[in-house]
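Novice: Let me see the structure of the following:
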Amino acid sequence: MARSKKFRPPRRIPDTERSLFEQKLGGRYSRTLDRTDLLNLIRGGEDTHVEFKIRLVNEEKITAELVAFANSGGGALIFGVNDQRRIEGLDDPEAVEEDLINICRNGIRPPLLPRIDKVSFDNGVRIVVCQVDDRRAPHSTPDNRYFIRVGSTKRESDGAEIAQLFARSRSASFEDMPVYGTSLEDVDEALVWSYVRDTEGDAFRQPAGYPTASALQDLSLASESGIGVRPTLAGLLLFGRNASVPRSFPNSGVSVVRFSGNDVNAAEIERNELLGNLGSMHDRATLFIKRYVDLWDSRPPKAGGNTNGSGQGDPVPPRSNYSRSVVTEAVVNLLSHRSYSSSAVSRILIFDHRMEFVNPARGNGLHKRSIEYGASVPENPRLHHFLTSPEYGLEQWRRGMPALRREHYTFTRREPRITLTNEEFSLEILGV
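Specialist: Residues are numbered from 1 along each chain as shown. Sure, this is the predicted structure:
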């Protein structure tokens, strides 16, 4: 008879200053870090979850420290405290905060969403606490180095440890992370309630006071924090005010360019950097495209030769013709399927006889044929759901890559070209 395994209850972590960070992390920063919390944290000294820094000098080392914390359950970097637990303070805490936001946003893959507190003491000394968690682990530096915490030190991970980091990675999507520094003031409430009203139809009943916070939470587009309700990245991109989106998440824009030839070495005729919520960028991207090409519901009749009346070739090429449904589908795909954890922006490149839609993309698990067959898992399923719903209000035709490929072939007699690398996804469509 097999011996039964002895049950061992989980070890209870005592409520001391040594477990303070774990308590706060488990509550997802549920309240503001005050001076009492901080003094208890400092009194416990450095360990797996706490590191002291006198000042922020070497950004490369700070990047590695933050990566190590995020790959090891989370942690707190405290600036203005020396190794002997003495609080020395900082001359410019605001500059330290700005540098930390830049490191977390642009120096770590995927970007971190930190909690940063500036704490003042009665004697005028100020320090900065930067807390990160492991919700988006594993993380790496820009040169693909992975770090972990071992006790009170960090070290670079080996191949087996990196594999374990990916095996432990959680299913939470980057689009569902709350955006640091935002509030309901950054949300266009009219857009939210327009969507809710159109979704409910005749069953809609005007709620007292229009509780936008509750509506966003019901839509899974906002979460509660210690300072109130914050929109998630998806909530900000879908319903954020046009001025708030680039301020809170600068890498969300789309670059649209018209070239005077058929490759990127040709002179640029016009370039626009589109910013704002996804609905606004969709509409402006479509208007930009329509300035330079003609969109048709079916293949137009073949035009005559390109001459200027004297029998000579016209130096100005005619406008290319594209399938309307292919272009509209390509624009929606560009906005919904890009990897928003990348610091790169999406690009729409218009040439004389073709267009390219280029997105930053994570190559993990993506294959060209699965994309062509429409069998790949969306990078941002929540964004994709809202953007392709009639209630969101975008111009829609047939949905999905298989339908796009069929329509493109019917219109041009040629296949669209899909290119996939570890960093980018590109869709090339052709004009006639």
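Novice: So the protein: which segments form each domain?
Specialist: With domains defined by automatic domain parsing, the chain comprises 17-170, 184-249, 253-300+318-430.
Novice: can you tell me the average pLDDT over the shortest one?
Specialist: Mean per-residue pLDDT for domain 184-249: 89.
Novice: And the helices in this protein?
Specialist: Using DSSP state H, the helices of the chain run over residues 20-26, 35-43, 59-70, 93-106, 159-168, 189-200, 212-218, 233-239, 244-248, 278-292, 324-337, 368-372, 381-387, 401-412.
Novice: Can you give me the pLDDT of the residue nearest the centre of the chain?
Specialist: The residue at the geometric middle of the chain, judged as the C-alpha nearest the mean C-alpha position with Cα atoms, centre = their mean, is Tyr340 (2.7 Å). Here the pLDDT value assigned to Tyr340 is 86.
Novice: What residues sit buried inside stretch 251-267?
Specialist: 251-254, 256-259 (16 or more other Cβ atoms under 10 Å). (Glycine included, C-beta is placed from N, CA and C.)
Novice: out of those, who's nearest Arg230?
Specialist: Sorting these by distance to Arg230 puts Ser252 at the head of the list, at 16.2 Å, by Cβ to Cβ.
Novice: what's near enough to touch the closest one?
Specialist: Contacts of Ser252 were listed using Cβ atoms under 8 Å, 6 or more residues apart in numbering, and they are 237, 245-246, 275, 340, 345.
Novice: Quick check: the farthest pair among the residues you listed?
Specialist: Considering Cβ to Cβ, no two members of the contacts of Ser252 lie farther apart than Leu275 and Tyr340, which are separated by 14.2 Å.
Novice: How much space separates the residue nearest to Glu60 when sequence neighbours are not counted from His282?
Specialist: With Cβ to Cβ, 6 or more residues apart in numbering as the criterion, Glu60 has its nearest non-adjacent residue at 8.0 Å, and that residue is Thr141. Between Thr141 and His282 the distance is 34 Å, computed by Cβ to Cβ, to the nearest Å.
Novice: Looking only at neighbour counts, state which of those two leads.
Specialist: The residue with more neighbours, out of Thr141 and His282, is His282; 24 against 17, by other Cβ atoms under 10 Å.
Novice: The more buried one is in contact with Asn333, isn't it?
Specialist: No - the pair His282 and Asn333 fails to qualify as a contact (Cβ atoms under 8 Å) at a distance of 11.1 Å.
Novice: tell me which residues form a beta bridge with the closest residue to Glu51 other than its chain neighbours?
Specialist: The spatially closest residue to Glu51, leaving aside those adjacent along the chain, is Leu77, at 5.2 Å (Cβ to Cβ, 6+ apart). Here Leu77 sits in beta bridges with Glu51, Cys130, going by DSSP bridges.
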